[in-house]
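> mind folding the following:
(chains A and B)
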Amino acid sequence: EPEVTQTPSHQVTQMGQEVILRCVPISNHLYFYWYRQILGQKVEFLVSFYNNEISEKSEIFDDQFSVERPDGSNFTLKIRSTKLEDSAMYFCASSYRESNSPLHFGNGTRLTVT
Amino acid sequence: AQSVTQLDSQVPVFEEAPVELRCNYSSSVSVYLFWYVQYPNQGLQLLLKYLSGSTLVKGINGFEAEFNKSQTSFHLRKPSVHISDTAEYFCAVREGSQGNLIFGKGTKLSVKP
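Got it, this is the predicted structure:
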């Protein structure tokens, strides 16, 4: 069964550094998402992406964040200048259609900002 | 605005006992409902979904959930749990016109021998 894959599984970075989290969505999916889960808290929506542009974003997704689909397979989340509070598990997801298609999630990247 | 409430943050049960994990949602429009499971150190895996039709939906690992529109609930049930069901369970809702999922805070199911 096709999967969403995320790399790396764990990233440690210093405050103020830039990080790029990488995801390879399922190949025939058209909608891509990033979510995050701060330790002990709920899973929060960050951004959705369709047709090479952001379709929706939450208030968490400020100017420090950006997403890109640099080629036909990868979907990346960049945090320009990391803060301690960015430490979380970041999940990538993809779906074939909007609304009634379930999201398929990757195993996540645990980002630790020191 | 839509929201999802999972009333129980932790549910401890003994093996082979039945379990119900509660989920209520609020939305002014039609919704699609999902349950995801997160095993320790893993990602989110789809357990089951309600899109339309029969209000009782069956998922993987013997779980089922019932959509109750009048009570705006989508409780998850299993008649007999196993140790391997120990995980965190997330209810999620998606409005018909939106793409992103809104998650509840999760319920940690702990199955004891």
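> near chain A, which residues of chain B show up?
B:32, B:34, B:36, B:42-46, B:49, B:51-52, B:90, B:92, B:94-106 (CB under 8 Å from any CB of the partner chain). In this view, the C-beta of every residue, glycine as well, is placed from N, C-alpha and C.
> mind giving me the ChimeraX select for these, buried ones only?
Burial among those is assessed by 16 or more other CB atoms under 10 Å in any protein chain shown; the matching ChimeraX selection reads:
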select /B:32,34,36,43,44,45,46,49,51,90,92,94,95,98,99,100,101,102,103,104,105,106
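> what about the residues of chain B next to chain A, which are in strands?
B:32, B:34, B:36, B:44-46, B:49, B:90, B:92, B:94-95, B:102-103 (DSSP state E).
> spatially, which two of those are the most separated?
Using CB to CB, these span at most 22.6 Å, a distance reached by B:45 and B:95.
> wait, is residue B:84 part of a helix?
Yes. Residue B:84 forms part of a helix when assessed by DSSP: H, G, I helix; E, B strand; the rest coil.
> any weak-confidence spans in chain A?
A:1, A:98-99 (pLDDT under 70).
> residues of it that sit close to chain B?
With CB under 8 Å from any CB as the criterion, chain A comes near chain B at residues A:4, A:6, A:31, A:33, A:35, A:41-45, A:48, A:50, A:55-56, A:91, A:93, A:95, A:98-100, A:102-108.
> quick check: closest non-adjacent residue to the residue nearest the centre of chain A.
Central residue of chain A (CA atoms, centre = their mean): residue A:34, 3.1 Å from the mean position. Excluding the flanking residues, the one nearest residue A:34 by CB to CB, 6 or more residues apart in numbering or on different chains is residue A:46, at 4.3 Å.
> just give me the neighbour total for that neighbour.
21 (other CB atoms under 10 Å in any protein chain shown).
> contacting residues around it?
Listed by CB atoms under 8 Å, 6 or more residues apart in numbering or on different chains, the contact set of residue A:46 reads A:33-36, A:57-58, A:60-61, A:65, A:77.
> so which bits of the helix or strand containing residue B:57 are buried?
Using DSSP states H and E, residue B:57 maps to strand B:56-58. By neighbour count on 16+ other CB under 10 Å, the buried set for strand B:56-58 is residue B:57.
> ok, that strand: who's next to it in the sheet?
strand B:64-68 (antiparallel) (DSSP bridges).
> thinking again about what came up before, sort out which one of the contacts of residue A:46 lies nearest residue B:27 for me.
residue A:58 (17.2 Å).
> got the contacts of residue A:46 as a markdown table, with secondary structure and distance to residue B:74 columns?
As requested, those are exported to a markdown table (DSSP: H, G, I helix; E, B strand; the rest coil; distance: CB to CB, whole Å):
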| residue | secondary structure | distance to residue B:74 |
| --- | --- | --- |
| A:33 | strand | 21 |
| A:34 | strand | 25 |
| A:35 | strand | 20 |
| A:36 | strand | 24 |
| A:57 | strand | 26 |
| A:58 | coil | 23 |
| A:60 | coil | 25 |
| A:61 | coil | 27 |
| A:65 | strand | 31 |
| A:77 | strand | 30 |
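> top of those residues by neighbour count?
The most crowded member of these, judged by other CB under 10 Å, is residue A:33 (28 neighbours).
> got a list of what it touches?
Residues in contact with residue A:33, defined by CB under 8 Å, 6+ apart, are A:45-49, A:92-95, A:103, B:99-101.
> ok, back up a step: now, which of the contacts of residue A:46 sits nearest chain B?
residue A:33 (6.4 Å; CB to the nearest CB).
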